[in-house]
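# Build me a model from this:
(4 chains)
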There are 2 protein chains.
Amino acid sequence: MSIELGIFDPLIRKLSSGNVLSTRAIEAIRQLPVKIKTVTSRTKVVDEGQNITDCYLLVDGYACRYKFTATGGRQIVSFHMAGDILDIQHVLFDRADHSVKTISEAALAVFPMAALRNLIADHPDVGRALWRDCLVEASIFREWVLNVGRRNAKVRIAHMLCEFAARMEAAGLGSPADFTLPMTQEDIGDATGLTPVHVNRMLRELTEEGSITRDARRIRIADWPRMKRTADFSPAYLHLFDRPPAEDGRSRESDYAENVSALAR
Amino acid sequence: MSIELGIFDPLIRKLSSGNVLSTRAIEAIRQLPVKIKTVTSRTKVVDEGQNITDCYLLVDGYACRYKFTATGGRQIVSFHMAGDILDIQHVLFDRADHSVKTISEAALAVFPMAALRNLIADHPDVGRALWRDCLVEASIFREWVLNVGRRNAKVRIAHMLCEFAARMEAAGLGSPADFTLPMTQEDIGDATGLTPVHVNRMLRELTEEGSITRDARRIRIADWPRMKRTADFSPAYLHLFDRPPAEDGRSRESDYAENVSALAR
DNA sequence: CGTCAAATTGACAAGGCTCAAGTGCCGTGG
DNA sequence: CCACGGCACTTGAGCCTTGTCAATTTGACG
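Below is the predicted model of the structure:
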């Protein structure tokens, strides 16, 4: 993939699902004054407490957001992939309430937050699309609270893997049949509130059951229907196939994609 | 409190913090065509999977949002108080991904979601304020993931109580010295991912240490500084005292309240 | 071929859950 | 006014899921 050409395509793709973006707005996004930065794995992008002036769009690779307890426990609160803005909340906040780092080699598009604010002021539909994206993220956070709060270790890990796979497919980065997931077992533990040791035990069980396969430190979902069942996973909360709500009283009849993948079933 | 007069005041108060709302916008909010509904405790307001056409503003009392696992485990993902819109995400979603119910007697202001959409289209500052409010909520969800994922039972419960107290003070509903919290021990368990039995044991410990007092099924925070310490609670993630970010390149010098309460320290 | 991070495995400990049996408070009906 | 019923709260005993600690193996890469 040529980085120069399609930097904003995954973002635009995402913002256009569940929303209608004007071609003017799409053009304005493409005109954002970006610099491309390529970084190694485990590079910190945002630091908790920091004042934010730049906006980071993940163009390639993977990242996560995380927080710490006073005793040093780390909790990953979300994973990110191409097309995700890593610090969108700083459009309206001045200070970071959590940190962000890459979990693989990654390419980032950096531009001034002020440019994004101006773009939103000129194009309300972009603001609406970004707001919607934040609402999807909030829905995912709710599911994570449920996941960590009420599911046991195996289900919890399986659910996290399913969600990541579903989001990757939705982002056009692969199909569940042949996923390889980028995170380490420690990352999985930090995301699910478990120790890496116990993650390892549960991954072994999932492997023995035939739900996943593992080689070269990469996890692959081998049996999606089975995995989905053990994971208690139903992707409605990702709002991937929602229609845009009617703008006002009138209901809007669009040729909205009935393109419901295997994931949604 | 006269319900007829001040229905929207807590909401407007909240939206005006960290944002500048025009007087026109405030007037438009006050003109929303509402019906007041008073309901008993444990009344369902929104049901998962439901199509949403109405918007519910909590005027008085308390509510929570929750989800279930396949095995029937309930997880509360947030608590709400006067001034909170209970289903704001349905401005942009057509389908509820979780349920909402009251946890006390409550008064609700109901109006068509379409009216809110029109209001936002006419007043971008209202949209921005609501977006910001959703971002604060997302930040709270992140903290809950951390809380449930990485803190032990006692700290977890203490943290949840501190957060609720801080939000109540910010909403003008009392000061930490004399809070009474509305939720049952089962609610606390469902919010923290614990069983009610274990919640009871931890509350006893917190009581014996002098952090809280309890009578007539109400919990009161007795020693705020101590409680804050055991809870690992620092309220930055609530974004209560953030300044509004500069709209564009220019930095904005407003007489923004330096009114930092005991909670922030 | 040495180094380092990630993964793996075992033995043991413990935090939190389950089950079970109460107690206390409060509203309701007789 | 009192008895009853229901719900929330309490408490104890034993178990189980997950954590802790420690040692070892594997794989990637210079």
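# List the contacts of the one residue sitting closest to the centre of chain A.
When C-alpha atoms, centre = their mean is applied to chain A, the residue found nearest the centroid is A:His80 (3.8 Å). Contacts here follow C-beta atoms under 8 Å, 6 or more residues apart in numbering or on different chains; on that basis A:His80 touches A:58, A:62-65, A:86, A:100. Glycine gets a C-beta too; all of them are placed from N, C-alpha and C.
# just these now: which is nearest B:Ala191?
A:Arg65 (21.9 Å; C-beta to C-beta).
# so the closest one is in which element?
strand A:63-68 (DSSP states H and E).
# How about the contacts made by the residue nearest to A:Pro10 when sequence neighbours are not counted?
For A:Pro10, ignoring the flanking residues on the chain, the nearest one in space by C-beta to C-beta, 6 or more residues apart in numbering or on different chains is A:Gly83 at 2.9 Å. Applying C-beta under 8 Å, 6+ apart to A:Gly83 gives the contacts A:9-11, A:13-14, A:57-58, A:171.
# With distance to DNA strand D, secondary structure and pLDDT as extra columns, can I get those in JSON lines?
Formatted as JSON lines, those follow (distance: C-beta to the nearest atom of the strand, whole Å; DSSP: H, G, I helix; E, B strand; the rest coil; pLDDT from 0 to 100):
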{"residue": "A:Asp9", "distance to DNA strand D": "28", "secondary structure": "helix", "pLDDT": "95"}
{"residue": "A:Pro10", "distance to DNA strand D": "25", "secondary structure": "helix", "pLDDT": "95"}
{"residue": "A:Leu11", "distance to DNA strand D": "28", "secondary structure": "helix", "pLDDT": "97"}
{"residue": "A:Arg13", "distance to DNA strand D": "30", "secondary structure": "helix", "pLDDT": "95"}
{"residue": "A:Lys14", "distance to DNA strand D": "30", "secondary structure": "helix", "pLDDT": "95"}
{"residue": "A:Leu57", "distance to DNA strand D": "26", "secondary structure": "strand", "pLDDT": "98"}
{"residue": "A:Leu58", "distance to DNA strand D": "21", "secondary structure": "strand", "pLDDT": "97"}
{"residue": "A:Ala171", "distance to DNA strand D": "24", "secondary structure": "coil", "pLDDT": "93"}
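# For ChimeraX, what selects the buried ones among the residues you listed?
Buried subset of the contacts of A:Gly83, written as a ChimeraX selection, criterion 16 or more other C-beta atoms under 10 Å in any protein chain shown:
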select /A:9,10,11,14,57,58,171
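# Quick check: the gap between the residue nearest to A:Pro10 and DNA strand D.
25 Å (C-beta to the nearest atom of the strand, to the nearest Å).
# Next: A:Leu146.
Taking C-beta to the nearest atom of the strand, one finds A:Leu146 at 14 Å from DNA strand D.
# quick one: pLDDT of that residue?
On the pLDDT scale, A:Leu146 is placed at 98.
# Please work out how many residues are found near it.
Close neighbours of A:Leu146, defined as other C-beta atoms under 10 Å in any protein chain shown, add up to 26.
# coming back round to it: take the contacts of A:His80 and lay them out in CSV including distance to chain B.
Shown next, in CSV, are the contacts of A:His80 (distance: C-beta to the nearest C-beta, whole Å):
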residue, distance to chain B
A:Leu58, 18
A:Tyr62, 18
A:Ala63, 15
A:Cys64, 12
A:Arg65, 7
A:Leu86, 14
A:Val100, 12
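# could you pull out the helices for chain A?
A:3-6, A:9-16, A:23-30, A:113-122, A:124-150, A:153-170, A:185-192, A:196-208, A:224-231 (DSSP state H).
# centre of the chain versus the fourth one, how much separation?
Between the centre of helix A:113-122 and the centre of its host chain there is 22 Å, according to C-alpha atoms, centre = their mean, to the nearest Å.
# Does chain B have contacts with that helix?
Yes - contact between helix A:113-122 and chain B, assessed by C-beta under 8 Å from any C-beta of the partner chain, occurs at A:113-114, A:117-118, A:121.
# And stretch A:164-171, by the same measure?
No - if you take C-beta under 8 Å from any C-beta as the test, stretch A:164-171 misses chain B, and the best it gets is 14.1 Å.
# Would you mind pulling the contact partners of that stretch?
Contacts for stretch A:164-171 (C-beta under 8 Å, 6+ apart): A:10, A:13-14, A:17, A:79, A:81-83, A:174-176, A:179, A:181, A:221, A:224, A:233, A:235, A:238, A:240, A:261, A:263.
# same check, this time on stretch A:6-25
Contacts of stretch A:6-25 (C-beta under 8 Å, 6+ apart): A:26, A:29-30, A:32, A:34, A:36, A:57, A:59, A:82-85, A:109, A:123, A:125-126, A:128-130, A:132-133, A:170-172, A:239-240, A:242-244, A:254, B:92.
# one more time with 7 Å, if that's ok
The contact list for stretch A:6-25 (C-beta atoms under 7 Å, 6 or more residues apart in numbering or on different chains) reads A:26, A:29-30, A:34, A:57, A:59, A:82-83, A:109, A:123, A:125-126, A:128-129, A:132-133, A:171-172, A:239, A:242, A:244.
# Excluding covalently adjacent residues, which one is nearest to A:Arg74?
A:Asp190 (5.0 Å).
# give me the number of residues near the one you found?
Neighbour tally, A:Asp190, other C-beta under 10 Å: 23.
# do A:Ala177 as well
Neighbours of A:Ala177 (other C-beta under 10 Å): 13.
# pLDDT score for the spatially closest residue to it that is not a sequence neighbour?
Leaving aside its chain neighbours, A:Ala177 sits nearest to A:Trp224 (7.1 Å; criterion: C-beta to C-beta, 6+ apart). Here the pLDDT value assigned to A:Trp224 is 94.
# A:Trp224 is in contact with A:Phe179, isn't it?
No - if you go by C-beta atoms under 7 Å, A:Trp224 and A:Phe179 don't touch, sitting 9.2 Å apart.
# Looking at these two, which has the bigger crowd around it?
A:Phe179 (22 against 19).
# Just the pLDDT for that one.
80.
# Ramachandran coordinates for it?
phi -90, psi 140 (degrees, to the nearest 10).
# Let me see the contact set for A:Asp84.
Applying C-beta under 7 Å, 6+ apart, the residues near A:Asp84 are A:Leu58.
# How much space separates it from A:Met168?
Going from A:Asp84 to A:Met168 by C-beta to C-beta, to the nearest Å gives 11 Å.
# B:Arg217 is nearest to which of the helices of chain A?
Of all the helices of chain A, helix A:124-150 comes closest under C-beta to C-beta, at 23.4 Å.
# Now do that closest one: which elements does it pack against?
Counting contacts by 3 or more C-beta pairs under 7 Å, 6 or more residues apart in numbering or on different chains; DSSP states H and E, helix A:124-150 is packed against helix A:9-16, helix A:23-30, strand A:74-80, helix A:113-122, helix A:153-170, strand B:74-80, helix B:124-150.
# and the angle for the longest one with helix B:185-192?
Same thing as helix B:124-150. 100 degrees (axes from the mean of the first three to the mean of the last three C-alpha atoms, to 10 degrees).
# got the angle for helix B:124-150 vs strand A:63-68?
70 degrees.
# low-scoring stretches of the stretch 1-150 of chain A, by residue?
Where the stretch 1-150 of chain A drops to pLDDT under 70, the residues are A:1-5.
# Distance check, A:Arg214 against B:Val145.
Distance from A:Arg214 to B:Val145, by C-beta to C-beta: 26 Å.
# Many thanks, we can stop here.
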